[in-house]
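A.B. asks: sequence plus predicted model, see below.
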Amino acid sequence: MSRARELFDRLRQGGTTALDALIADREPESLFLDFKRSEDEGRGTTLAKSDNKNLSKSISGFANSSGGVVVWGVDCRRDASGNEAARPHCVVDAKGFETKLQSAVSRTTMPAFSGVEFHAFVQADGNPAGFVAMYVPKSFMGPIRGLVGEQY
C-alpha cells in the first residue's frame with residue numbers, strides 16, 4: 001500500500017482528529033501530500049477558477065507520479081522563519097464542495113482520469129463546514145495532462 005493511500009485512509013477514518021494531528025505534527029507538503037485553500041471557501045455554485053486549476057494540476061501531477069492526497073480546506077504557507085505552516089481554513093459546506101470536485105474531475109485532464117476518491121468530513125458540532133480529502137492514485141495508462149494550464 002502506498003504512503004498516499006495510507007494517509008487517505010487515515011484521514012477518512014479519523015476525520016478532523018487525524019487532520020488536526022497532521023497539522024500539529026507540522027506534516028509538510030511533499031511528493032504525496034498537498035494542502036489547498038479554496039479561493040471562495042467553496043461558496044460558489046461551481047468551483048472557483050483557481051480551485052479548478054488546482055484540481056487539474058493535482059490530478060495530473062499525482063497521477064503521473066506515485067499518487068497523492070490533497071486536503072482541501074487547509075491554508076499552507078511559509079512562515080517568517082521559512083518553514084511551512086498549515087492552518088485550517090474550512091470550506092463552508094464540505095459535502096457540497098466534495099460534490100463540486102467530483103463533478104469537475106472528468107473535465108480537468110486528458111485523458112479523463114478515473115479512480116480519484118473523495119471524502120468530506122465536517123466539524124464535530126454538526127456544522128457543515130469542514131474539509132475534503134482527495135486521493136489520486138498513480139496512473140498506469142500513460143501521461144495525464146491537466147487541461148487547465150495545459151500541464152503534465
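C.D. replies: Received the coordinates, thanks.

A.B. asks: show me what counts as buried in the longest helix seen in the chain.
C.D. replies: Taking DSSP state H as the assignment, the helix of the chain that covers the most residues is helix 3-24. Within helix 3-24, the residues that qualify as buried are 4-5, 7-12, 15-16, 18-19, 22-23, counting by 16 or more other CB atoms under 10 Å. For every residue, glycine as well, the C-beta is placed using N, CA and C.

A.B. asks: now swap in stretch 29-40 and tell me
C.D. replies: By neighbour count on 16+ other CB under 10 Å, the buried set for stretch 29-40 is 29, 32-39.

A.B. asks: for the chain, which segments count as helices?
C.D. replies: With DSSP H as the criterion, the chain has helices at 3-24, 49-63, 94-105.

A.B. asks: does the longest one pack against any helices or strands, and if so which?
C.D. replies: Think helix 3-24. Using 3 or more CB pairs under 8 Å, 6 or more residues apart in numbering; DSSP states H and E as the contact definition, the elements that helix 3-24 packs against are strand 68-72, strand 84-88, strand 117-122, strand 130-136.

A.B. asks: before we move on, the earlier item: farthest-apart pair in the buried residues of stretch 29-40, please.
C.D. replies: Checking the buried residues of stretch 29-40 against each other with CB to CB, the farthest-apart pair comes out as 32 and 39, at 23.8 Å.

A.B. asks: coming back round to it: which of the helices of the chain sits closest to residue 77?
C.D. replies: It is, among those and with distance given as CB to CB, helix 3-24, at 13.0 Å.

A.B. asks: much appreciated, bye for now.
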